[in-house]
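1. structure for the following, please:
(3 chains)
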Amino acid sequence: MAATSSASFRRLFDEVGPVDAVGVEERVAKFAARSIKKRAKLFGLKLAVSMVDLTTLEGKDTPGKVAALCAKALHPHDEADVPPVAAVCVYPAMVRPARRVLGPISPVRIASVATAFPSGQSPLKIRLAEVRQAVADGADEIDMVINRGAFLAGEFARLQDEIAAVSEARGAATLKVILETSELETYDNIRAASWLAMRVIRAGDFIKTSTGKTSLNATPGNNQVMLEAIRDFYLATGTAISMKPAGGIRTAKQALQFLVAVKETLGDAWLTNRRYRFGASSLLNDLLRQIAKEKSGAYQAPYYFSEAAESY
Amino acid sequence: MPKLSSAKKSRPRRPHSALIFGDLWEYDPAPETADPKLKPRYELFIGGKFVAPAGGQYRDSINPANERKLAEIAQADATDVDAAYAAAQKAYETVWGRLAGRERAKYLYRIARLLQDRAREFAVAETMDNGKPIRETRDFDVPTAAAHFFYHAGWADKLEYVAPGRRMAPLGVVGQVIPWNFPLLMLSWKIAPALATGNCVVIKPATNTSITAVKLAEIFQDAGLPPGVVNVITGPGATGGVIMAHPTAAKIAFTGSTEVGKIIMRSVAGGDKRMTMELGGKAANIVFDDAPIDQAVEGIVNGIFFNQGQVCCAGSRLLVHESVADAVVAKLKTRLRVLRVGDPLDKNTDVGAIVSRAQLDTIQGYLEAGVKEGAEMWQPPCRLPTKGFFMPPTIFTGVQQSHRIAREEIFGPVLAILTFRTVDEAIEKANNTAYGLSAGVWTDKGSRILKMSTELKAGVVWANTFNKFDPTSPFGGYKESGFGREGGRQGLLDYARLV
Amino acid sequence: MSRLPITKTPKAYVGGAFIRSESGRTFPLQDAAGNFFGNIPQCTRKDLRNAVEAAAKAGPGWARRTPYNRGQILYRLGEMLEARAGEMADALRLGGASRAAAAREVTATIDRLIYYAGWTDKYEQVLGNVNPVAAPYFNFTVTEPMGIVGVIAPAAPALLGLASLVAPVVASGNTVVALASEVQPYPAIVLGEMLATSDLPGGVVNLLTGFRAELVPTFATHAHLRALSAVADAGERQTLALGAVESVKRTRFIKAEEKYDWFADSAQGLYAIRDFLEFKTTWHPIGA
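-> Below you'll find the predicted structure:
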């Protein structure tokens, strides 16, 4: 059984194909060379705001911090006429506080990380229980981590079965599958892992680059590899999977580059927060700052927008 | 925001999925605004000065993107060519031929640095004169031209390391004629090695695209290059013939079509001139079933649509393994749908204008031939500007080896797609051409790359990439693509006598 | 009343920054007339240790730069030195050199830097090669920088000697910790300022001033220095060679007691670069 299963994964990976890293970097460099100005820039910035999963994932999070996060998520800035963000993203223990603030129905969804985020190094039973609890507490979305150890050890069936188990446990909630790209390291692995995940999740679920807890998170390169995997999967099966780069996207300029990649790889249907999200915290401030600049014509100071301790 | 299309679950057959590349998020125009600092009239550059042509003739240079006049270009005749060679010979005998390599190097370094200073100005001028996108002139043509001067500067005082067992001595005066597809870059490819090895130059840019050549002469002046070391002779094609056949030239170098190359070779046959020829090509870009497909598609696009396909080493034939042909073509079509054809000065333009009405007509002729011969033509939907010489990127499937579009150099954004089943068949089809300039190989298997590289009769083999150029990397062809190499150590040997 | 000028505090250049010795020690430097000029940092083995760490940090990035980029940076160093040739000539005259001799040394140094700037993207084409083995393998030999190289400059010429040793080493992607001339340290101080303004990343070249007797033993034994390029007398060579044994450093010596014409063309060349390169040969089958 193991042999045939392993053989079928080999066949899958053959079909999925290798990725040339230098080639990917060259492709994404062209996205960075795009010049997005004026009306197009404003559209892109507002779109990006609507795609933010406003995140706080710290040991020192409290209901108070989460309440402030939710308030900001609903109403990002006084003067800027911008939409609310897509979701708040918190630890499971903070789901109930978030739900209390946002109420039963809200334009801002609650995403909870689960499955022993960020490492995933916990017995499966416990990871699944965490998922169920978060959903019961009111999470609309679950951000899970895959078993990277299993992937790197070649235990693809186990990896896929675990994702399927989480998919079952999450009920009606949307699932986001974090690949943790920095640990998979190569683009070949990222593409392969993307396919493994997509085969056992539903239309409207996401694949996600990273937990944001390692030193290397979302990059234009891994974003591109995953977008191409989503595209190929969609064209082959008709199932539209969504994408979330997370961590490492701090500036509006970067966000726009990521959106250019979406536009030119997946097209208009993915330029919506149902199909694309940014896992970020400080990004929102820079988006607001750039929106204000587009509207007023003047470059803005960061301290009108940021909550950074250091203000100069 | 667009809604998700409704569920396909009710359909019994495989769902029809399609990507929408519409105008939900249109890029606004993003014109490059730097001033090209064009003059209304450009003269010849002889003996360190800008001089009017003996016959008083000028020709309008027009912008192929909008058909508007850019400037008047002096048209040299045989008298001017004689004056140029005389100036070059004098400079060689009295100054340049006696200068220490270390000092020659310094002039070349200055030229490189000055070109870097004025990079944006030159990029805009080149885009306006040739029609290629500003993104390419800005990010490739101009920086690479500067790099060529910088690289060759460093060889000028190290020539004793180039040819083991021999000493490199200059030839004297070299005559050079270059084409319109990379006007500034071709100037650097010709002038830099010639000067580094101690020669003086008479060079003619293409009739269509002379502006950056004369602007470069301004840089020669600013660099203090001794008068006569480089002479820039603009003019009609016939003047190029005079330059190639001139008795003072110890060596000639030509880059252009194989047809014209043969004319030149006939005109100098029997004489003593050294010569190098960089002629046409019909490169095979070979994609195996284990290739990284998305990157291969990008490489195919770079191979034939970079510079609007007006490249001697363009990957104009796609040879794709039969088992992945449909997948590759489907991905290629998807990719072409987001390629932006338009105003070359817009920073978001990927594909600019064809250089001239004549060239556009020639390409059109091939499109008709391809259809007539039975191949299937496909072009992505494009909104083309109403003025200017534009056309959409074009691919042909169902192409046979015997088709004209598979054999003849089109020199435009037109790709002929053929299939193969085995490695040997790929090699055979790739080599089945009078040309031999370049080739591409896409596969995940290292040993196969090396086998293909060994068997392909091409002067440049790109593995898992395409259209990559570097001053250190020798470039040139086999068979009717010419002889001689440009760049690297090998390129220097063509500009020296070995004593 | 004439205006009192601001005197400069001489600092060593380590890790891209200008530092005093961690020991706080200095030694006084006089000008040619015997007047006090400034206090020069008397670097210690700990300064050397810190410099090696800075060089280690800068090394991977420097080695990964394109050869073209390294060439441009060395060229820029030449631009900086040319632009401030007068100031450097004054620095050399502190040691008693005439105007003409100082100017000659400065121009020779500039030309030498430009010479090596022109090698960065070429030496590979001359030193590396493809080997025609008698089997179906593609076999190629490429060069690689060694890592951190210790340089010990001669007493004189204080600028040309130092630059002639440093430039060929960093051209290929090595990083350097150098000990400047003990008796004429000031040109090295000024050179540090020019290195800092030539786009050279901090830590690629580190210049220490101080006493040979104190520092040579540590150059000899620091295991992270992969090689040594030194102008040294017999006793120093013995120390350096013995110390190098434990970490199998590669060593290249110029005998301080012999005449050496730093100005000649023979004092520059490809082999000054080659001496600080590793050679790696790779085999790969050729087949379908």
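2. so what's the closest residue to chain A within the stretch 101-250 of chain C bridging to?
-> For the stretch 101-250 of chain C, the residue closest to chain A is residue C:142, as judged by Cβ to the nearest Cβ, at 17.8 Å. C-beta: built from backbone N, CA, C; applies to glycine. Beta-bridge partners for residue C:142, by DSSP bridges, are residue C:280.
3. elements contacting the one helix or strand residue A:188 maps to?
-> For residue A:188, the host element (DSSP states H and E) is helix A:187-198. Judged by 3 or more Cβ pairs under 8 Å, 6 or more residues apart in numbering or on different chains; DSSP states H and E, the packing partners of helix A:187-198 are helix A:2-16, helix A:148-152, helix A:156-169, helix A:181-184, strand A:206-208, helix A:220-237.
4. for that helix, the distance to its chain's centre please.
-> The chain centroid and the centroid of helix A:187-198 are separated by 15 Å under Cα atoms, centre = their mean, to the nearest Å.
5. quick one on the thing from earlier: okay, the helices and strands packed on helix A:187-198, which one's buried deepest?
-> A comparison of these by mean neighbour count, using mean count of other Cβ atoms under 10 Å in any protein chain shown, puts strand A:206-208 on top with a mean of 28.
6. interface residues of the stretch 351-499 of chain B facing chain A?
-> B:444, B:464-465 (Cβ under 8 Å from any Cβ of the partner chain).
7. need the strands for chain C, in chain order.
-> With DSSP state E as the criterion, chain C has strands at C:12-14, C:17-19, C:26-30, C:36-41, C:129-130, C:137-145, C:148-152, C:175-179, C:205-208, C:225-232, C:250-255, C:277-285.
8. now the ones you listed as TSV including mean pLDDT?
-> Converted to TSV, the strands of chain C look like this (pLDDT from 0 to 100):
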stretch	mean pLDDT
strand C:12-14	98
strand C:17-19	98
strand C:26-30	97
strand C:36-41	97
strand C:129-130	96
strand C:137-145	97
strand C:148-152	98
strand C:175-179	98
strand C:205-208	98
strand C:225-232	98
strand C:250-255	97
strand C:277-285	96
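9. want to throw those into CSV with mean neighbour count?
-> Below are the strands of chain C laid out as CSV (neighbours: other Cβ atoms under 10 Å in any protein chain shown):
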stretch, mean neighbour count
strand C:12-14, 26
strand C:17-19, 16
strand C:26-30, 14
strand C:36-41, 18
strand C:129-130, 12
strand C:137-145, 16
strand C:148-152, 28
strand C:175-179, 28
strand C:205-208, 29
strand C:225-232, 24
strand C:250-255, 16
strand C:277-285, 13
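10. what about the helices and strands packed on helix A:187-198, which gets the closest to chain B?
-> helix A:220-237 (5.2 Å).
11. hmm, the very next helix or strand once past that closest one touching chain B?
-> Moving toward the C-terminus from helix A:220-237, the next helix or strand (DSSP H and E) is strand A:242-244. No - Strand A:242-244 is not in contact with chain B by Cβ under 8 Å from any Cβ; minimum separation 9.9 Å.
12. next secondary structure after strand A:242-244?
-> Next along from strand A:242-244, by DSSP H and E: helix A:252-265.
13. what does that next one contact?
-> A:28, A:31-32, A:34, A:36, A:41, A:44-45, A:47-48, A:218, A:220, A:223-224, A:227-228, A:231, A:243, A:245, A:249, A:270-271, A:276, A:278, A:280, A:283, A:286-287, A:289-290, B:21, B:25, B:338 (Cβ atoms under 8 Å, 6 or more residues apart in numbering or on different chains).
14. report the buried members of these.
-> When the contacts of helix A:252-265 are checked for burial by 16 or more other Cβ atoms under 10 Å in any protein chain shown, the buried set is A:28, A:31, A:34, A:36, A:41, A:44-45, A:47-48, A:218, A:220, A:223-224, A:227-228, A:231, A:243, A:245, A:249, A:270-271, A:276, A:278, A:280, A:283, A:286-287, A:289-290, B:21, B:25.
15. so of those residues, which ones are in strands?
-> Using DSSP E, the buried ones among the contacts of helix A:252-265 in strands are A:243, A:278, A:280.
16. nearest residue to the first one other than its sequence neighbours?
-> In other words, residue A:243. Closest residue in space to residue A:243, ignoring its immediate chain neighbours: residue A:276 at 5.4 Å, by Cβ to Cβ, 6 or more residues apart in numbering or on different chains.
17. the one you found and residue A:52 touch, don't they?
-> No - taking Cβ atoms under 8 Å as the definition, residue A:276 is not a contact partner of residue A:52, at 10.7 Å.
18. figure out how far stretch C:222-241 is from the centre of its chain.
-> 14 Å.
19. what parts of chain C come near chain B?
-> So chain C meets chain B at C:67-68, C:71-72, C:75, C:111, C:114-115, C:117-122, C:125-126, C:138, C:270, C:284-288 (Cβ under 8 Å from any Cβ).
20. buried ones among the residues you listed?
-> C:67-68, C:71-72, C:75, C:111, C:114-115, C:117-122, C:125-126, C:138, C:270, C:286.
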